[in-house]
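**Student:** pasting the sequence and the predicted model now:
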Amino acid sequence: MFGYWVLIISVITGQITRIGDFGVLTDFLIPVYLGFWWFTRDKHKSIPYSSTVFLVVIWLFYLLGNLLINLNFIPAVGGELGSILYWVRLAAYMSLLLPLIDYRSQNPERVDNQLWYMVFISGVILSILGFVQLILFPDFSFMAQYGWDPHQGRLLSTWYDPNFLGGFLGLAAVIILSRILVFLRENKVWREKNIILLSSWIIGLGIVVGALMLTYSRSALLAFLIGVTIVTILISRRTFVLVMIILSLIVISNPRLQTRIQGAIQVDVTASLRIQSWLQTLDDIDKNPIWGIGYNTIKYQTIVPSELNSASGRDSSLLTLWLTGGIIGLGLFIIIIFNSIIKAWQKLSKSSLERTWGVAIIGGWALILVHSMFVNSIFFPHILIFILFLLL
């Protein structure tokens, strides 16, 4: 698992270690990691069968076949190669399931514990780096010349984007909260012997939630609210009431947060552009709803006016997948999610750590699906590498 920790470190460094226009550092480390795992693993042992891997392979090959059929219809020069490389990147990220399943089959509890700490440590460090950024660079306007949005007074950390970062911090908070609540409820003896460790988890959760609030991302806040609701209802309904009171007090004490939430209710300029993107996407889907236009070919298609805010992408992961992969590609992906949730539900009656992941997976998918309605977060590399944890 050491190699996977290296991948996580590259995620924490975010856009700081981006390699020009070629992608983030994680994109280049994944093939190295997969190659190292393949050549060092015990060849006498086969990788345990997983229904998730089976479904993912079918989905990936369908997207590839669909893309190859659509290549002739891409008008942009070089669009064919660019679209194929996007598929290769997706396949590489999804291939990380193989070593994770392999390692987990050898020692499930150890791997589950490490995966949880990967989320915990990543969330806390990114949050702390975000606080530093907010102090040193509260005005991000100077980065507009490099293509980044000129955010002001928002926590961006090393990802340079409050919406994607907020989505991850929400996911991290839900996973961290799941373990805290499960262990508080089921492990009284463990709790008494490990009060310092438990306290560090609670402090870490507070840091992550505090950073999430300072992103002022409405999509992330809404998704977090849904995820927390699912987690607390599954574990303790009384905790749900307590969490809602705490979140309400945070909102009341932060005027800017109140303004952001009010802007969502009243549909401000940003929300209006997002609705416009949804409607435009639905219109484009209607032209080819069954097969789509080919995986990740949107930026190479001239189907959207260049002045539209979402010309190079769409503000919804599922709508984007429907547009590019057709209803079949979308349907296969939804089956993968349902398969994951069913497996997670079965974990709810097992050991504390497995129950933790069962609750976290169900709450995590609820959060991700809500968040991905507003930004294309499911296929964002730095988030995708953690979404894989929900598929185990």
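**Tutor:** On my side now, so go ahead. Computed from a predicted structure; not experimentally measured.

**Student:** and the helices in the stretch 101-250 of the chain?
**Tutor:** 108-136, 162-186, 188-193, 195-215, 218-235, 237-252 (DSSP state H, counting those that start in this stretch).

**Student:** what about Gly331, neighbour count?
**Tutor:** 15 (other C-beta atoms under 10 Å). The way it works is simple: take the backbone N, C-alpha and C, and place the C-beta from them, glycine included.

**Student:** tell me the predicted confidence for it.
**Tutor:** With respect to pLDDT, Gly331 scores 96.

**Student:** how about Lys45?
**Tutor:** Reported pLDDT for Lys45: 82.

**Student:** using the three-state scheme, assign it.
**Tutor:** Secondary structure, DSSP: H, G, I helix; E, B strand; the rest coil: Lys45 is coil.

**Student:** what comes up buried for the host helix or strand of Gly331?
**Tutor:** If you go by DSSP states H and E, Gly331 is part of helix 317-347. Neighbour counts over helix 317-347 (16 or more other C-beta atoms under 10 Å) mark 317-326, 328-330, 332-333, 336-337, 339-341, 343-344, 347 as buried.

**Student:** now that helix and helix 108-136, what's the angle there?
**Tutor:** Calculated by axes from the mean of the first three to the mean of the last three C-alpha atoms, to 10 degrees, helix 317-347 forms an angle of 140 degrees with helix 108-136.

**Student:** next SSE downstream of helix 317-347?
**Tutor:** Counting by DSSP H and E, what follows helix 317-347 is helix 352-371.

**Student:** now do that following helix: distance to the chain's middle.
**Tutor:** 12 Å (C-alpha atoms, centre = their mean, to the nearest Å).

**Student:** average pLDDT for that helix?
**Tutor:** 94.

**Student:** could you check the angle helix 162-186 makes with that helix?
**Tutor:** Relative orientation of helix 352-371 versus helix 162-186 (the same axes, to 10 degrees): 150 degrees.

**Student:** now helix 352-371: buried residues?
**Tutor:** 353-371.

**Student:** and what of stretch 286-299?
**Tutor:** Buried residues in stretch 286-299 (16+ other C-beta under 10 Å): Asn288, Gly292, Ile293, Gly294, Tyr295, Asn296, Thr297, Ile298.

**Student:** also stretch 200-208?
**Tutor:** If you call a residue buried by 16+ other C-beta under 10 Å, then stretch 200-208 has these buried ones: Trp201, Gly204, Leu205, Ile207, Val208.

**Student:** now those in JSON lines, with distance to Pro75 and pLDDT?
**Tutor:** JSON lines is the format used below for the buried residues of stretch 200-208 (distance: C-beta to C-beta, whole Å; pLDDT from 0 to 100):
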{"residue": "Trp201", "distance to Pro75": "52", "pLDDT": "94"}
{"residue": "Gly204", "distance to Pro75": "49", "pLDDT": "97"}
{"residue": "Leu205", "distance to Pro75": "49", "pLDDT": "96"}
{"residue": "Ile207", "distance to Pro75": "48", "pLDDT": "96"}
{"residue": "Val208", "distance to Pro75": "44", "pLDDT": "97"}
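
**Student:** mean pLDDT lowest where, among the helices of the stretch 101-250 of the chain?
**Tutor:** helix 188-193 (a mean of 71).

**Student:** list of residues touching the strand or helix carrying Ile387?
**Tutor:** For Ile387, the host element (DSSP H and E) is helix 381-387. Outside helix 381-387, the residues that touch it by C-beta atoms under 8 Å, 6 or more residues apart in numbering are 7-8, 11, 14, 23-24, 26-27, 89, 93, 96, 118-119, 122, 159, 164, 167-168, 171-172, 368, 377-378.

**Student:** emit the PyMOL select command for whichever of those are buried.
**Tutor:** Buried residues among the contacts of helix 381-387 (16+ other C-beta under 10 Å), as a PyMOL selection:
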select buried, resi 7+8+11+14+24+26+27+89+93+96+118+119+122+159+164+167+168+171+172+368+377+378
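
**Student:** isn't Ile298 right up against Gly325?
**Tutor:** No: under the criterion of C-beta atoms under 8 Å, Ile298 is not in contact with Gly325, lying 11.5 Å apart.

**Student:** show me how far stretch 219-231 is from its chain's centre.
**Tutor:** Here the centre of stretch 219-231 is set off from its chain's centre by 13 Å, with C-alpha atoms, centre = their mean.

**Student:** can you check stretch 57-70 too?
**Tutor:** 23 Å.

**Student:** does Pro317 touch Ile337 like I think?
**Tutor:** Quick fix: residue 317 is Ser, not Pro. No: counting by C-beta under 8 Å, Ser317 sits too far from Ile337 to count as a contact (11.1 Å).

**Student:** mind checking how far the closest residue to Arg260 other than its chain neighbours is from Leu134?
**Tutor:** Closest residue in space to Arg260, ignoring its immediate chain neighbours: Tyr216 at 5.0 Å, by C-beta to C-beta, 6 or more residues apart in numbering. As judged by C-beta to C-beta, to the nearest Å, Tyr216 and Leu134 stand 11 Å apart.
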